[in-house]
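Participant: Pasted the sequence and its predicted model underneath.
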Amino acid sequence: MRRTAVLVGAGYLGRRLGRRLLGEGYAVRGMTRSPEHARELMALGVVPLLGDVTCPETLPPALEGATHVFHLLGAMRGEEAALRLLHVEGTGHVLAALPPGLSRYVYVSSTAVYGQTEGEWVDETAVCEPTSLIGRLRCEAEALILKAHREREVPAVILRSGSIYRPGSPVNAQIREGRYRVSTDPSKWMNHIYIEDFLGGLLVAAERGRAGEIYNLVDDEPHPGGTYFVALAEAMGVPAPPVTFTPPEEGCGALVRESNKRCANRKLKTQCGWSPAFPTCRDGIRHAAARGFTEAPLP
Ligand SMILES: NC(=O)c1ccc[n+]([C@@H]2O[C@H](COP(=O)([O-])OP(=O)(O)OC[C@H]3O[C@@H](n4cnc5c(N)ncnc54)[C@H](OP(=O)(O)O)[C@@H]3O)[C@@H](O)[C@H]2O)c1
């Protein structure tokens with residue numbers, strides 16, 4: 001039987017995943033609220049379906065017959081009520097509408113669920129006590145998913161993605177044009193994943209991820225944020241962006257740093273056989289530079 005993937009979230013990430021899935025032989029459908037986006041999806045070979053995770057009645061027709069559901073949407077900014085509707089209630093609505101016969105429900109969460117502040121290493125067993133709103137909402141969504149797995153055997157796999165970097169990121173253009181300022185603590189650890197490895201990780205999770213499990217999706221080498229911006233500037237041959245961050249009074253570090261941790265990726269490697277093609281941010285930046293820091297057009 002041909003595998004049918006539904007993209008819940010068919011924007012920048014979803015469309016690129018959709019192209020990969022088509023290449024792997026999946027039939028691919030993408031959910032959208034917009035007729036214009038529906039036309040764009042069709043041009044990519046993705047069958048558009050009108051749906052909105054905040055309108056539960058739209059979901060069963062969109063998800064019907066899916067063997068794989070990839071849930072990759074969310075928002076970083078906005079009012080708390082709207083964010084909760086999208087992240088938490090929206091996830092509940094999707095879980096309620098999953099069709100029988102589903103092989104995998106892959107949910108893209110975030111390393112924001114870890115609230116550690118001392119630069120410690122964290123794996124998937126680490127306590128999740130995020131202070132950020134997004135981290136808390138992601139935790140709530142994850143709890144709904146794990147409950148659905150326990151109580152209804154929903155074949156869910158949760159991926160906690162690090163910060164996704166890519167050739168055409170707006171930050172890259174700002175650095176090149178001298179407009180970028182490092183306003184966060186440059187010594188704070190960052191956990192990155194290059195776009196190609198992010199997409200590969202989703203495919204591996206769908207095919208080899210164990211139901212009911214959570215995996216960090218990050219590269220091999222967490223690094224201080226400052227290092228990353230300097231490496232980007234070097235690769236572009238422009239001056240490093242200025243740091244405008246002012247260190248806090250002694251003892252206030254934890255209040256200023258919403259989180260500061262190094263995320264481990266061993267579980268996804270050992271359980272699923274995943275390994276990043278771009279193990280450090282230097283590798284991804286080199287790849288992005290070779291593409292002139294512009295996105296490859298979607299065919
Ligand atoms: N960790 C990271 O560094 C990182 C980086 C990038 C993204 N992300 C996460 O991944 C998500 C997707 O990223 P992206 O770059 O692909 O974002 P994007 O290009 O803005 O796409 C988001 C998609 O979500 C869909 N959507 C929004 N609200 C919806 C709703 N209520 N019901 C159904 N669909 C809805 C939109 O569809 P229509 O407008 O067509 O309806 C849009 O196509 C982000 O929101 C973020 O949570 C994380």
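Facilitator: Structure received.
Participant: In three-state terms, label A141 for me.
Facilitator: helix (DSSP: H, G, I helix; E, B strand; the rest coil).
Participant: mind checking pLDDT for the residue of the stretch 1-150 of the chain found nearest the ligand?
Facilitator: Using C-beta to the nearest ligand atom, G11 is the residue of the stretch 1-150 of the chain that sits closest to the ligand, at 1.8 Å. Just so you know, the C-beta spots here come from the backbone N, C-alpha and C atoms, and that holds for glycine as well. Looking at G11, its pLDDT stands at 96.
Participant: Could you do E196 as well?
Facilitator: The model's pLDDT for E196 equals 97.
Participant: In contact with it, which residues are there?
Facilitator: A277, F278, G284, H287 (C-beta atoms under 8 Å, 6 or more residues apart in numbering).
Participant: The third one and the ligand, how far apart?
Facilitator: Taking C-beta to the nearest ligand atom, to the nearest Å as the measure, G284 falls 13 Å from the ligand.
Participant: helix or strand for that residue, which one?
Facilitator: Using DSSP states H and E, G284 maps to helix 281-290.
Participant: Just the buried residues of that helix, please?
Facilitator: C281, R282, D283, G284, I285, H287, A288, A289 (16 or more other C-beta atoms under 10 Å).
Participant: do stretch 232-242 as well
Facilitator: Buried, per 16+ other C-beta under 10 Å, within stretch 232-242: L232, A233, A235, M236, A240, P241.
Participant: same thing with stretch 178-192?
Facilitator: Residues Y180, V182, T184, D185, P186, K188, W189, M190, N191, H192 are the ones in stretch 178-192 that count as buried (16+ other C-beta under 10 Å).
Participant: how about the residues you listed in a markdown table, adding distance to the ligand?
Facilitator: Output for the buried residues of stretch 178-192, formatted as a markdown table (distance: C-beta to the nearest ligand atom, whole Å):
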| residue | distance to the ligand |
| --- | --- |
| Y180 | 17 |
| V182 | 17 |
| T184 | 14 |
| D185 | 18 |
| P186 | 18 |
| K188 | 15 |
| W189 | 15 |
| M190 | 10 |
| N191 | 9 |
| H192 | 8 |
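Participant: Among these, which one sits closest to C139?
Facilitator: Checking those against C139 with C-beta to C-beta, the nearest one is N191 at 16.9 Å.
Participant: ok so, going back, so which of the buried residues of stretch 178-192 are in strands?
Facilitator: Using DSSP state E, W189, M190, H192 are the members of these that sit in strands.
Participant: Any idea what the last one is bridged to?
Facilitator: Looking back up the chat, that one is H192. Taking DSSP bridges as the rule, H192 bridges to S163.
Participant: if I look at it, how far off is Y215?
Facilitator: 16 Å (C-beta to C-beta, to the nearest Å).
Participant: Which residues are in contact with the closest residue to V243 other than its chain neighbours?
Facilitator: Setting aside the residues directly before and after it, V243 is nearest to V182 in space (C-beta to C-beta, 6 or more residues apart in numbering), at 4.4 Å. Listed by C-beta under 8 Å, 6+ apart, the contact set of V182 reads G225, G226, F229, P241, P242, V243, T244, F245.
Participant: ok, which pair from these is furthest apart?
Facilitator: Maximum pairwise distance among the contacts of V182 (C-beta to C-beta): 13.8 Å, between G225 and P242.
Participant: which non-adjacent residue is nearest M236?
Facilitator: Sequence neighbours aside, R176 is the residue nearest to M236 in space, at 5.1 Å (criterion: C-beta to C-beta, 6+ apart).
Participant: what's the answer for T280, then?
Facilitator: E221 (4.3 Å).
Participant: who's in contact with P242?
Facilitator: Going by C-beta under 8 Å, 6+ apart, the list of residues near P242 reads R181, V182.
Participant: re earlier: sitting in helices, which of the contacts of V182 do you find?
Facilitator: G225, G226, F229 (DSSP state H).
Participant: so who does the first one touch?
Facilitator: Think G225. So G225 contacts V182, T184, D185, P186, S187, K188, W189, M190 (C-beta under 8 Å, 6+ apart).
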